[in-house]
Each structure stands twice: as C-alpha cells, then as structure tokens.
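Q: Kindly generate the corresponding structure for this input.
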Amino acid sequence: MHPGSLVTDATDRRLDTAAVHAGEDRPNPLRTIPPPLALASTFHFATLDEAIAVAEGRDGSAYYSRYGNPTVRAAEKKLAALDGADDALLFASGMAAFSTTMMALLSSGQHVVFGEDCYRPSRQVLQGTLARFGVTSTAVPVDDLDAIEAAIRPRETKVLFIETPSNPFNRVADLAALAALKKRHRGVKLVVDATFATPLNLRPLDHGADLVIHSATKYLGGHNDVLAGVVSGRAGMIEAIGELRSQLGPNADAHAAWLVLRGLKSFPARMRRHNANALAVARALEADPRVKRVWYAGLESHPDHARAAALLDGFGGVVAFEHTGDFEGTRRFCDALGIFQIAASLGGAESMVHPPAVFSWWDLPAEAREAAGISDALVRLAVGIEDADDLVADVLRGLDAIGPA
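A: This is a model prediction of the structure:
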C-alpha cells in the first residue's frame, strides 16, 4: 500500500469518509481517481501455478466474473464498511439479494416469520415461490411482539424477516426487542431490509440483526440508472450466501457495480437532503385539510415516532399519505404535479410519486387492496433532493387539483 493511502477497508471510519474511500485500492494499477471498471467475464494468469493458487483460495484474484470481479469486489467492500459488516455481496437487484438470501437460509419444511407491511414482491417470494419448495411463512404486525413470538415455531422457524422502515407506511420495528427474541429462540436468524433507512439512518447489525439487505437501486445508487442489491453481515453467513450466488448467477455486473460505487461517494450528503426534504413535505401534508393521514415516522402523529426517534438518525425520503378524495382525486393529484414524476421507484435525486394501488398492487381487486391498507386515495411520495420549498409548493399544487376537503 502506498505510504500516503488510507486504510480503505476499515469499518470504523466515519461514514462520510468511508463512502468515498472504503474498499478502493490506492494507488490502483491505472492511477485513476475513480475505481477502475473491469468489464471482463474472465481473467488470465501468467502461469498455471497462479491459477492453482486462486482455485485453492490462496490468492483472491478474480478468474471468472460469476465468482468475483474486481469492480464488484470494491463495491462490496465499501458497502460492508458502511453497514459495519464483516463482508457484503452485490447482486443484480434488491430482489435478487433477498431471494438468494432466503434460499440460502431456508430449506423444505422450515418456516419464516415476516413483517406484514413489507415490499409486496418480498411477500410474493415468501408466500408463493418458496412455498412451492416446502417453505412456510407467517405474516405478523411488526409492532406486536407477542404476535411475532407466538408465530415462531420452535423447531421449524429459521428466519425472522423485518423491513424497517417499511414500505409504504414507514413502520419502524423494535430491533432490540427482536434481537432479544431471536436469542431466546436459538437457530432463528434476524434479517432486516433497511432499504428505506440506509446505513446513514440505521445500521441494523449494530442492533442485533444477523443480516441486512438493501436495494442499492434506491438511495445507495441514487441516480435512477442502476439495478443492484446487497446483503451484508458476518463473514460465515455471507460466505454461504455467496456460494449459492455463484451457483445461481444473480451477480451484479461490473458496470452496475461501478455505478453503485459512483453513487456511494455522494450518498451521505444526498441522504441528509432526502431526510430534510421529506420531513418538510410531510409537515406540509399533515397541515392540509385535504389530507386524512400522513405516514412518516418523523411526525409525532406516526405510531412509531418515539421508537423511530430513538433508533434512527434520520427518517428517510419516503412519505405516504391518504387524501380525502377517491381514485379520481389520486389521478388529478398525480397529473397536476410539475416536479414529482410518476414512477415506480425511489431513492434517486429526482422526486417521484407512486400510488401503490396503480403499481405494486394493481393486479388485486379493490377489496383485497383495502384489506392490506392500500386504498385508492393512498399516495407514496419519494422525495428527492430538489429545493424543499419547490417540492412543498408542488405537492400543494397537486392537492389543489383534488379540490376542497
């Protein structure tokens, strides 16, 4: 290592510095400031002995990108540093990270308990795809510890999966209590999807989680131009998930990893702006008579506000609210916006609006959506990093289009 370089893989470095420098070799062979982009499927060796050393694990060099790539590895080391983890794995999407992790942890005849207010595709994997292979699951309210414990089956339950803050209602789980619960039930692993929180606002591993998952498509990438997912945790568990990843092949490619590395350098600064802007928008919504309820953990009216204030260092960039109108009101609100764009994702610099009844839940009848709390008047705002006053004005313009309360 160059005498002037940083210890770039240290996990105890402050987050802003780690976001810029962790995981990157210095100097790299090309002497570039950004990490090199290794667009290669395979790598050569000067001698057969070099190849044997890699095959035996004595040399960490890459030889085939499904098993490892230098650019992907740099992103993984940086993400592990941000999460305070031993190691991390980068995937082609957040759902690839989630699905591979669940497949690595669960076998036929085993059981998973999960928070009922979670990303719908995660629920579909647990209740649909994995059920086909003999894995059962139980959905529970994240704020009901008695229900969670009652759902645990002593010999069958192997995973407790919680999303916090949750999508779209920003429910915040009591991680300390869940960590204590899983200790009482030996063999249960606590897996936390912290996509909405990000490592700036929450590091679940510090609170007893075994693994943390992020959709890096969102805030970590931050520019709406890459699909990626990550799982971080203890070395042994990550190694086991990595072995399955090598078999199945849901890896992130080098270019996606390079885009994630680029996004991570500005991630802490962007995330602080997301936090501040979303709180301003949430307060403006709560004060408007055309809004029935706002779901944002930074508001005192949110059921988990006290827990969120104690656990989180920021409340995130997603605000959900229910207006006083019907689906036609939702249509008028969305179509009247000038800054917020109608789109299905979140976490980029641009602000976006997403009615859950149109996107994630469109295939279900209205009665089923209502039973899940997804009304036709529910709107999710992914608040970006534009000027806060402009965003508030845009939201009020949308509410004006709905009409009077």
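Q: Quick check, pLDDT for the closest residue to residue 400 other than its chain neighbours.
A: Among residues not flanking residue 400 along the chain, residue 336 sits closest, at 7.2 Å (Cβ to Cβ, 6 or more residues apart in numbering). For every residue, glycine as well, the C-beta is placed using N, CA and C. Note on residue 336: pLDDT of 98.
Q: Contact partners for residue 155?
A: Applying Cβ atoms under 8 Å, 6 or more residues apart in numbering to residue 155 gives no contacts.
Q: Lowest-scoring secondary structure element of this protein by mean pLDDT?
A: Within the chain, confidence by mean pLDDT, DSSP states H and E is lowest for helix 366-371 among all helices and strands, at a mean of 70.
Q: and after that one, which helix or strand comes next?
A: Remark: after helix 366-371, the chain's next helix or strand is strand 378-382, criterion DSSP states H and E.
Q: That next one pairs with which strands?
A: strand 318-323 (antiparallel), strand 352-354 (antiparallel) (DSSP bridges).
Q: any residues touching that strand, and which ones?
A: By Cβ under 8 Å, 6+ apart, strand 378-382 touches 168, 278, 281, 317-323, 330, 333-334, 340, 343, 345-348, 351-357, 395.
Q: Just send the strands paired with strand 378-382 back as JSON lines, with mean neighbour count and distance to residue 202 too.
A: Shown next, in JSON lines, are these (neighbours: other Cβ atoms under 10 Å; distance: least, Cβ to Cβ, whole Å):
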{"stretch": "strand 318-323", "mean neighbour count": "25", "distance to residue 202": "14"}
{"stretch": "strand 352-354", "mean neighbour count": "23", "distance to residue 202": "22"}
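Q: can I get those in TSV with mean pLDDT and distance to residue 150?
A: Shown next, in TSV, are those (pLDDT from 0 to 100; distance: least, Cβ to Cβ, whole Å):
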stretch	mean pLDDT	distance to residue 150
strand 318-323	97	28
strand 352-354	96	34
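Q: any idea how far the residue of the chain most remote from its centre lies from residue 54?
A: No residue in the chain has its C-alpha farther from the mean C-alpha position than residue 47, which lies at 41.9 Å (Cα atoms, centre = their mean). To residue 54, residue 47 is 11 Å away according to Cβ to Cβ, to the nearest Å.
Q: Am I right that residue 42 is in contact with residue 61?
A: No: counting by Cβ atoms under 8 Å, residue 42 does not reach residue 61; the two are 12.0 Å apart.
Q: so where do the strands sit in the chain?
A: Taking DSSP state E as the criterion, the chain carries its strands at 87-91, 111-115, 136-140, 157-163, 189-193, 211-215, 229-233, 291-295, 318-323, 341-342, 352-354, 378-382.
Q: Now do the same for the nearest residue to residue 385 once chain neighbours are set aside: its pLDDT.
A: Leaving aside its sequence neighbours, residue 385 sits nearest to residue 273 (Cβ to Cβ, 6+ apart; 4.3 Å). Model confidence at residue 273, expressed as pLDDT, equals 98.
Q: Check residue 10 too.
A: For residue 10, the predicted pLDDT is 45.
Q: same deal with residue 27?
A: So, for residue 27, pLDDT stands at 86.
Q: could you give the angle of the longest helix along the chain to strand 87-91?
A: Under DSSP state H, the helix in the chain containing the largest number of residues is helix 254-286. Interaxial angle, helix 254-286 versus strand 87-91 (axes from the mean of the first three to the mean of the last three Cα atoms, to 10 degrees): 90 degrees.
Q: Let me see the ranges of the helices in the protein.
A: 15-21, 48-55, 70-83, 94-105, 120-124, 145-151, 175-184, 198-201, 235-248, 254-286, 305-311, 327-336, 366-371, 388-402.
Q: Relative to residue 164, which of these is closest?
A: helix 175-184 (7.1 Å; Cβ to Cβ).
Q: quick one: buried residues of that closest one?
A: 175, 178, 179, 181, 182 (16 or more other Cβ atoms under 10 Å).
Q: Of all residues in this protein, which one is nearest the centre?
A: Residue closest to the mean C-alpha point of the chain, counted by Cα atoms, centre = their mean, is residue 195 at 2.0 Å.
Q: The nearest residue to that residue once chain neighbours are set aside and residue 338: what is the separation?
A: Nearest residue to residue 195, sequence neighbours excluded (Cβ to Cβ, 6+ apart): residue 215, at 4.6 Å. Residue 215 sits 27 Å away from residue 338, taking Cβ to Cβ as the criterion.
Q: In terms of neighbours, single out the busier of these two.
A: residue 215 (28 against 10; other Cβ atoms under 10 Å).
Q: Pretty sure the more buried one sits against residue 94.
A: Yes: with contacts counted by Cβ under 8 Å, residue 215 reaches residue 94, the gap being 2.7 Å.
Q: Overlap of the contact sets of these two?
A: What both residue 215 and residue 94 touch, as defined by Cβ under 8 Å, 6+ apart, is the set 195, 228, 229.
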